[in-house]
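K.L.:
Just need the structure, nothing else, for what follows:
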Amino acid sequence: NDMDARHSVLEAGLSGFISLDADIDSLSLEVLRAERAAGSVRRLVGLVLPAPDGPRMLAEDPFLDNQYSDTNVSDLRLEALLRQQDLSHFLGSQCWSPRYGCQIATAMLEEPLASEKCIDVILATGETVQAQTSELPFDFAKLGYGSTV
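P.N.:
Below you'll find the predicted structure:
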């Protein structure tokens with residue numbers, strides 16, 4: 001659920017498992033080479049938000065676009081339903097880490113949002129909070145949560 005057929009292997013961070021320089025017949029090789037040259041429009045990143053007291057579940061569509069900043073939560077949920085096929089920002093897996101006291105998730109985010117160090121996200125309760133973005137795999141020591149796992 002972190003990625004599907006709508007995402008390329010480059011967006012998913014799987015470039016280390018393919019060779020775009022191979023001289024083989026492939027239906028996708030030219031497209032992937034062009035994407036590599038231009039840079040991916042979106043990429044899979046990790047999200048981390050403090051949750052020392054337990055899970056803080058993210059909303060189904062937790063990404064607050066600037067255009068919705070003055071919109072109430074009910075309208076945001078309706079907008080999320082209408083944008084289900086929109087791939088601009090796509091939430092993947094999420095879970096709570098009792099070891100690190102944080103809620104972690106994966107998300108496919110468009111640039112420039114994917115390159116931000118912190119982003120605003122909406123919790124299932126409707127509250128807006130800040131989440132750190134992270135390269136995958138998560139490096140909790142680099143994020144300020146102890147050792148690397």
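K.L.:
now the helices for this protein?
P.N.:
Here the chain has its helices, by DSSP state H, at 29-38, 73-82.
K.L.:
Name the residue most distant from the centre of this protein?
P.N.:
Distance from the C-alpha centroid of the chain peaks at residue 23, with 32.5 Å (CA atoms, centre = their mean).
K.L.:
and the residue nearest to residue 2 when sequence neighbours are not counted, what is it in contact with?
P.N.:
Nearest residue to residue 2 in three dimensions, chain neighbours excluded: residue 92, at 3.5 Å (CB to CB, 6 or more residues apart in numbering). Placement of C-beta: from N, CA and C, glycine included. The contact partners of residue 92, taken as CB atoms under 8 Å, 6 or more residues apart in numbering, are 1-3, 44, 105-108.
K.L.:
Please report phi then psi for residue 28.
P.N.:
When read as degrees, to the nearest 10, the backbone of residue 28 gives phi -110, psi -10.
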